[in-house]
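Colleague: Quick one: sequence and predicted model below, then my questions.
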Amino acid sequence: MFFPRLRLIASSLLMLSASAHAADTFGPAAVPAAAQAFHVGTLEVVALQDARYVAPNDGKVFGADVGPAVVAARLKAHGLAEDRITLSVNALLVKGAGHVSLLDTGLGTKAHGGLLDSLKAAGVAPAAITDVMITHSHGDHIGGLVSASGALNFPKATIRMAAAEWEAMKKQADLADLVKTVTPQVQTFQAGDEVVPGIRAVELAGHTPGHMGYEISQGGQQLLDIGDMAHSSVLSLENPEWNMGFDGDKAVAKTTRRATLARLAKSQELVFAPHFPYPGTGRIAMEGNAFAWVPAKP
Ligand SMILES: [Zn+2]
């Protein structure tokens, strides 16, 4: 979502460490470990908490085309602070059919990511992860692929992402070290492929060149991990047509957002959203000409 580049995380971190009140600053912040388990059919699925990320309402991120005052009014209507948009950073663990799959890896420990602690709370060792599925190559989704010293966090896992996303990732000079480290583990796929049994890649175009959602299907039940198709459970759903500063192709992303939200509101399938309030599981409701988030009951 937010940082196309890891070095932006580093600069946010510098700002964070300079403040005595980390909770009041913008950027990433640590949160307690959390692992909430549920089932999709017979598959055990666990929502893992990684971090919190606070984006300023500065007209650059949400509603870049309508301006901060309009965004502030929407935040106020929901009883939220008007100068900021607070997002969760979550990842998903899926156990079953001989695979232990991790969908996205959070920010990484260098940027306050606590995914490994949440994984521990779920009772899973990093070496037990067989597959890491990446929705896209932004820092808050790939940062946790490696440790603070740059070693693979999931040494036995095949790292899977869309071929188009891997090509884009390899072109980013500031990801060169990470690319070098993960290259032997990477296997690419095409949109629509069943990546591991029961998990299919669903193209959700616009955010990055190969941005994928993942649809988990088992025993007649379904869950769609939407990646960064929508970032805020309030703003992205009430105003899916607003420009989103982190979307690479804003026009395509808007079209994808409205079409996917409409489909999910109709199907009423379970949704996992990496940036919605933890645990990020719920359903999409139609509300007039827009949408609303209905969190799943624990
Ligand atoms: Zn993101």
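Modeller: Ah, there it is.
Colleague: What strand or helix carries the residue in the stretch 51-200 of the chain that the ion sits nearest to?
Modeller: The nearest approach of the stretch 51-200 of the chain to the ion comes at residue 140, 4.4 Å away (CB to the ion). (Glycine included, C-beta is placed from N, CA and C.) Here residue 140 sits within helix 139-142, counting by DSSP states H and E.
Colleague: And that helix, what does it pack against?
Modeller: When contacts are defined as 3 or more CB pairs under 8 Å, 6 or more residues apart in numbering; DSSP states H and E, helix 139-142 sits against helix 6-17, strand 43-56.
Colleague: what about the residue of the stretch 51-200 of the chain closest to the ion, neighbour count?
Modeller: For residue 140, the count of nearby residues is 30 (other CB atoms under 10 Å).
Colleague: thought it was touching residue 89?
Modeller: Yes - using CB atoms under 8 Å, residue 140 makes contact with residue 89 at a distance of 5.3 Å.
Colleague: Extract the CA atoms of whichever strand or helix holds residue 73 and return them as PDB.
Modeller: For residue 73, the element it lies in under DSSP H and E is helix 68-77. Extracted as PDB, the C-alpha positions of helix 68-77 are listed here (Å, rounded to 0.1, in the frame of the first residue of the first chain):
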ATOM      1  CA  PRO A  68      -8.400  17.000   3.000                       C
ATOM      2  CA  ALA A  69     -11.500  19.000   4.000                       C
ATOM      3  CA  VAL A  70     -13.800  16.600   2.300                       C
ATOM      4  CA  VAL A  71     -11.900  13.600   3.700                       C
ATOM      5  CA  ALA A  72     -12.000  15.200   7.200                       C
ATOM      6  CA  ALA A  73     -15.800  15.600   7.000                       C
ATOM      7  CA  ARG A  74     -16.200  11.900   6.300                       C
ATOM      8  CA  LEU A  75     -13.800  11.000   9.100                       C
ATOM      9  CA  LYS A  76     -15.700  13.300  11.500                       C
ATOM     10  CA  ALA A  77     -19.000  11.700  10.500                       C
END
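Colleague: Could I get the buried residue list for it?
Modeller: For helix 68-77, a neighbour-count test (16 or more other CB atoms under 10 Å) marks 68, 71-72, 74-75 as buried.
Colleague: could you say what helices and strands it packs with?
Modeller: So helix 68-77, by 3+ CB pairs under 8 Å, 6+ apart, packs with helix 235-238.
Colleague: List the buried residues for the helix it packs on?
Modeller: 235-238.
Colleague: what do you get for stretch 86-103?
Modeller: Counting neighbours by 16+ other CB under 10 Å, stretch 86-103 gives 86-96, 99-103 as buried.
Colleague: Low-confidence stretches in this structure?
Modeller: Applying pLDDT under 70 to the chain flags residues 1-24.
Colleague: show me the contacts for the residue nearest the centre of it.
Modeller: The centroid of the chain falls nearest to residue 274 when counting by CA atoms, centre = their mean (3.5 Å). Applying CB atoms under 8 Å, 6 or more residues apart in numbering to residue 274 gives the contacts 1, 88-92, 104, 135, 140-141, 225-228, 280.
Colleague: mind checking the SS state of it?
Modeller: Here residue 274 is recorded as coil under DSSP: H, G, I helix; E, B strand; the rest coil.
Colleague: What distance do you get for it to the ion?
Modeller: Per CB to the ion, to the nearest Å, residue 274 is found 6 Å from the ion.
Colleague: Then residue 267?
Modeller: In terms of CB to the ion, residue 267 sits 23 Å off from the ion.
Colleague: now swap in residue 49 and tell me
Modeller: Remark: distance between residue 49 and the ion (CB to the ion) = 14 Å.
Colleague: which residues touch that residue?
Modeller: Contact analysis of residue 49 by CB under 8 Å, 6+ apart lists 31-35, 88-90, 114, 118, 278-279.
Colleague: Only whichever of these are buried, select them in ChimeraX.
Modeller: To isolate the buried ones among these in ChimeraX, judged by 16+ other CB under 10 Å, type:
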select :31,33,34,35,88,89,90,114,118,278,279
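Colleague: Including secondary structure, could the contacts of residue 49 go into JSON lines?
Modeller: Compiled in JSON lines, the contacts of residue 49 are given as follows (three-state DSSP):
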{"residue": "31", "secondary structure": "coil"}
{"residue": "32", "secondary structure": "coil"}
{"residue": "33", "secondary structure": "coil"}
{"residue": "34", "secondary structure": "coil"}
{"residue": "35", "secondary structure": "strand"}
{"residue": "88", "secondary structure": "strand"}
{"residue": "89", "secondary structure": "strand"}
{"residue": "90", "secondary structure": "strand"}
{"residue": "114", "secondary structure": "coil"}
{"residue": "118", "secondary structure": "helix"}
{"residue": "278", "secondary structure": "coil"}
{"residue": "279", "secondary structure": "coil"}
